[in-house]
Structures are given as C-alpha cells and as structure tokens.
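J.: Give me coordinates for this.
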Amino acid sequence: MKVVHITYQDTGGAAIAVKRIHESLLEANIDSNLLLLWNNTNSIKNCTAIHDYTNTFNKYKYKAIAYTYSKVLNFLSHKGSLYIRVNYLNSLYRIHNHPLIKEADIIHLHWINRFIDLPSFLAKVKKPIIWTFHDMTPFTGGLSYEGGVDARMHQKFLRNSVRKLESFKCSNLTGVATSNGFLKKAVNYGLFKMQDLVKIPYPISIKTFYDRDKLQARKQLGLPLQKKIVLFVAADINNKRKGLGFILSRLDSYKDNDITFVVVGDGFNKREGFISLGVIMDENKMALAYAAADLFVTPAVEEAFGQTTLESICCGVPVVSFETAGAKELVIDGFNGFIVREADDVVLRETIIKAISFNFDRKAIAQHASTNYNNITIADQYIKLYASKL
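T.: Modelled structure (predicted):
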C-alpha cells in the first residue's frame, strides 16, 4: 500500500501532526511519502517539496507570487459581492500529475490551503482521498475557527462552501476528525455526511514523550528546583485563541501560591512571575520542559485536538484546560487534570490552584496516554481506514 500525504509546509502545528502520522505509518512498514509546497527543514524521511524554503531567495519570490495570485483571484471571484480576505479553495498549483500522486494508492490531504486547487484536483484525481481536519477549513468555506467571526463574516464564507460542496460531489473523499467535537462540527456545517467521516486522534512518539524525573529535568533546563511550576506552550504566545490573557489578567493573585509560570513560544515579553524558555524546536528538549512542570495549563478557547495536551499527559504531567474539542476527550477530571467548564479567568485560577496541590499519579497518567495514543495504535487505525477504501 502506497500513501502520499499532502500538506503546505513542514513547520507549524499542523505540520507536526502530519509528520507524526507519516512517521507512525513508516514505523508500521507502510510505504508513506510526504509532498509539501514549502520545505523549511530537510529533516523528514520520504519527503518531497515543490519549493525549497531553505533558499531565502526562493522563499520570498514564491511567497510573493502566491500572495499576488490569491489577491487577484479573490478580487475576481468576489467582485461586487462580499469579500473573503484569503481564498482557501483555489491555488495556482496543479499537482494531480505529480509522480507521488500517480503512484499512490491513497491520497491523504492535510493542511492544503494555498497549495491544492481543490475543484480541479478533486475532479481529476479519482483515487481514494482521506482528509484529516487540522482546523475547520476542510468543512467550511475557509473558516479556520469560529471565534471572533460574526454573522456577516459567516455569510462571506458561505459562498465558498457552496462551491466546495460541488467539488465534493465528484470525489471519493473521507474526512477524518481528531475528536468527536470536530466530527460533530463537520456534520453541522453540511459539507460532510456522517457516513463519510471517521474519528482518529493524533499519534505521539512514546520514545520521546514519556515520564521523566522532574528534578533532573529542572536541572537540565536551569529552572527553580523548589518552586511550583505551571507550563504554558504556544507557537505564537500573542495569539488570542491560545488564551494567555486569561492568566495575565489574574497574574498578581498567583504570587501568594508560590507559583512560577514557565512559557514556551515566540513573542513573550519578560515579566515578573514568568520564565521564558523561548521557542523550542527539539522534541527531546520540549519533553524535558513538560517533565519539569507540576502542571500544564492550556487556556485555548478553540482547538481541533490539542497536541500540547497530549504531549503533556504522555510525560505524566496533569493538565488544566478549557472545554475545547480535543481536551474533552484527553483530560479526565481528577485523573490526569481538570476541565474548566467556563472560559473565565477567575474559574481558571481557582482550578489551577486546586490542581497544583492535587495528588496526581504521574506514572498512571503517562501509561494511560501512551497506551491509547502511541504511533502503532494510531497507525493501525489509519491502515484499517485505507484498506476499507481500496
């Protein structure tokens, strides 16, 4: 069985998930390949890119071309009507004749915005197509998440939804939601029927993310040995959807509880009560950051799954999270963390204080996560899905 995964680039949250799915299939002896528009790192096995982003000139040249094309296309398709800033349906690239696609038995789409021209691709590729939902874009007219989108904006995206639905009619397409919450959203938006959907969570390497010694991890990272440490992780810390503001708004009230926040991610400004580890690209170092923490907090208001939550519990570190799609399945109240049912800074603070002194069994947390989300378990679910479509 030959599988080709198609995604925009090899960096970012969705790219990490794609890489893990791809590598889990390789580990299960599946002939898996990855086709990218942009290659940033040259670090993934069986990976082919249309453009090499490691070449600075290419990076800006092709970015400018793609940006201009998107702007012109948007103007033409929405002239005299409601305007959508980004067109996630069309692309200047036509990749249906790429050798990896022609050789593959299964086409596995991921985050394909601005890479695949969906109407032409679905019309010309008649092989089984799997599409994993890394955000809401696959089952909407281009809407990544619902937060901050008013009724007028929904109306704008509706036009693309109608065009996308027409494209779906001629394809052999199956959607994969990573959580029940996203599966229900996909059905509610109307582009996928329940019989064309399955739920498969993200995999994780338990060779990297596992229960480690907390004090040793703190020593290696130069973190305080005796403080209560709460970890927060986001690629872009200033992204409001990630929810750091819920912590910052009550920051002074945490000081009385001897809590130090450790932050991983880009864009954090130094402030009292926080230690920034900056951007961490190395997964082994990231696993150390989890191991060093007493608690991981993820106050994101919307998530398709929550890879950082999975990483944390695989390292045996309990999680406090708002009630997002993935967290509702990953976090079990009183066992591996607590769900905050209300997106409120006071309730979040109370739950963090409660969790930091709760007697969690870190080994049991790690064991439960590694049993349910390891590479082989998740790869097996994908292999069964692929086989059912051939």
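J.: When you work out contacts or count neighbours from here on, use the C-alpha atoms and nothing else.
T.: Will do.
J.: so how far is stretch 382-390 off the chain centroid?
T.: 23 Å (Cα atoms, centre = their mean, to the nearest Å).
J.: which parts of it are buried?
T.: 382, 385-386 (16 or more other Cα atoms under 10 Å).
J.: Now, these that are in strands?
T.: Using DSSP state E, no member of the buried residues of stretch 382-390 sits in strands.
J.: Now intersect the residues you listed with the helices, please.
T.: 382, 385-386 (DSSP state H).
J.: Output those as JSON lines; include the columns pLDDT and distance to Lys102.
T.: Compiled in JSON lines, those are given as follows (pLDDT from 0 to 100; distance: Cα to Cα, whole Å):
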{"residue": "Tyr382", "pLDDT": "98", "distance to Lys102": "21"}
{"residue": "Leu385", "pLDDT": "98", "distance to Lys102": "20"}
{"residue": "Tyr386", "pLDDT": "98", "distance to Lys102": "17"}
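J.: for the residues you listed, which one is nearest Met1?
T.: Relative to Met1, the closest of those is Tyr386; by Cα to Cα it sits at 8.6 Å.
J.: Look up the closest residue to the closest one, ignoring the ones flanking it.
T.: Ile106 (6.8 Å; Cα to Cα, 6 or more residues apart in numbering).
J.: Measure how buried that neighbour is and give me the count.
T.: 22 (other Cα atoms under 10 Å).
J.: same thing with Ser43?
T.: 9.
J.: I'd like to know how far it sits from Ser167.
T.: 34 Å (Cα to Cα, to the nearest Å).
J.: what's the answer for Phe296, then?
T.: 42 Å.
J.: ok, those two, which is more surrounded?
T.: Applying other Cα under 10 Å to Phe296 and Ser167 shows that Phe296 carries more neighbours, namely 29 against 17.
J.: contacting residues around Asn284?
T.: By Cα atoms under 8 Å, 6 or more residues apart in numbering, Asn284 lies in contact with 208-209.
J.: How about the backbone phi and psi for Thr260?
T.: The phi and psi values for Thr260, taken as degrees, to the nearest 10, are phi -110, psi 130.
J.: Touching, it and Gln226? I think so.
T.: No. Under the criterion of Cα atoms under 8 Å, Thr260 is not in contact with Gln226, lying 10.3 Å apart.
J.: Compare these two and say which is more crowded by neighbours.
T.: Neighbour count, other Cα under 10 Å: between Thr260 and Gln226, Thr260 has more, with 20 against 9.
J.: Any regions of the stretch 101-250 of the chain where pLDDT drops low?
T.: Filtered on pLDDT under 70, the stretch 101-250 of the chain yields the residue ranges 147-160, 237.
J.: all strands of it, in order?
T.: Ranges of strands in the stretch 101-250 of the chain, per DSSP state E, counting those that start in this stretch, are 106-109, 129-132, 173-177, 197-199, 228-236.
J.: In the shortest one, which residues are buried?
T.: Using 16+ other Cα under 10 Å as the burial criterion, the residues of strand 197-199 that qualify are 197-199.
J.: Let's have the residues you listed in JSON lines, adding distance to His96.
T.: What follows is the buried residues of strand 197-199, written out as JSON lines (distance: Cα to Cα, whole Å):
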{"residue": "Leu197", "distance to His96": "24"}
{"residue": "Val198", "distance to His96": "25"}
{"residue": "Lys199", "distance to His96": "27"}
